[in-house]
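> I need the structure of the sequence given here:
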Amino acid sequence: MQKSRKPVVFVGTRDLVTIGIFAAITLAIFFVIGGIAGMTVIGTVANIPIVCLFTATPHLLLAAKVKRTGTIFIMGAVNVLPGLMVGNLVGIALSLVGWAVAELIATWGRYGSRRILVSAYVVGCTIQSAGYTFPLYYSSVQYLTQRQEMLRLTDELLERYLALFSWPVWGAMVALTALTALVGSVIALHLMRRHFVKAGIIVA
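Below you'll find the predicted structure:
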């Protein structure tokens, strides 16, 4: 007799409190790590790959703890909220599509497998990296010149950024995001097994 799969359970009101706590942690990581990386030109270009390395732990810990449909999408949406600060609406929309795909992957696996959760996180981060930065690489001159004052770019710094924004660099950053998200996930799983399972925060 075939074993029935667990039913899909959506995020509830109580879960939103837990998600809110982890979302705050994720945003703190973004502003601290992303801010430090953003002090250099290379760090700014590679900002998403760098941040995704560090946000893997709160993402996967939350997904393993809550295990309800909507968790990964909500956390992914939090990831792209800072994009509102620079008015990258197209990039935000494309990123949300990526996290919707990630949510479909996690929901398909009923949030029951760590490998499924890792796959969802890597896919979400990778599509976010590709989608969020696409407008920047597609029309880098227009995008940056319109936001030069907002981003506090001098003319010299603007020229340095424009020299970096090419399609090969875009592809390299997307690939790098997939790698850093995977590495971050491996580290997150190790921490979960070593600390959070033993502490009873999540079930093995």
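
> element containing Thr55, please.
helix 47-66 (DSSP states H and E).

> Distance from the chain centre to that helix, please.
The chain centroid and the centroid of helix 47-66 are separated by 7 Å, computed with C-alpha atoms, centre = their mean, to the nearest Å.

> average pLDDT across that helix?
When pLDDT is averaged over helix 47-66, the result is 93.

> Next SSE downstream of that helix?
helix 71-80.

> on contacts alone, who are the packing partners of that next one?
helix 13-37, helix 47-66, helix 89-108, helix 114-138 (3 or more C-beta pairs under 8 Å, 6 or more residues apart in numbering; DSSP states H and E). No exception for glycine: its C-beta is placed from N, CA and C like everyone else's.

> any idea how far the residue nearest the centre of the chain lies from Thr133?
With distances taken as C-alpha atoms, centre = their mean, the residue of the chain nearest its centroid is Cys125 (4.3 Å). Noted for Cys125: a distance of 12 Å to Thr133, by C-beta to C-beta, to the nearest Å.

> Please enumerate the shared neighbours of these two.
Ile48 (C-beta atoms under 8 Å, 6 or more residues apart in numbering).

> what pLDDT does the residue nearest to the centre of the chain get?
So Cys125 comes in at 97 (pLDDT).

> Likewise for Gly34?
89.

> packing partners for the helix-or-strand element of the chain with minimal mean pLDDT?
For the chain, using mean pLDDT, DSSP states H and E, the weakest element among its helices and strands is helix 140-146, scoring a mean of 75. If contacts are counted by 3+ C-beta pairs under 8 Å, 6+ apart, helix 140-146 sits against helix 114-138, helix 155-164.

> Give me the mean pLDDT for the next helix or strand after the shortest one.
Spelled out, that is helix 155-164. Counting by DSSP H and E, the next helix or strand C-terminal to helix 155-164 is helix 167-191. On average, the pLDDT along helix 167-191 is 95.

> May I see the buried residues of helix 167-191?
By 16 or more other C-beta atoms under 10 Å, the buried positions in helix 167-191 come out as 170, 173-174, 176-178, 180-182, 184-185, 188-189.
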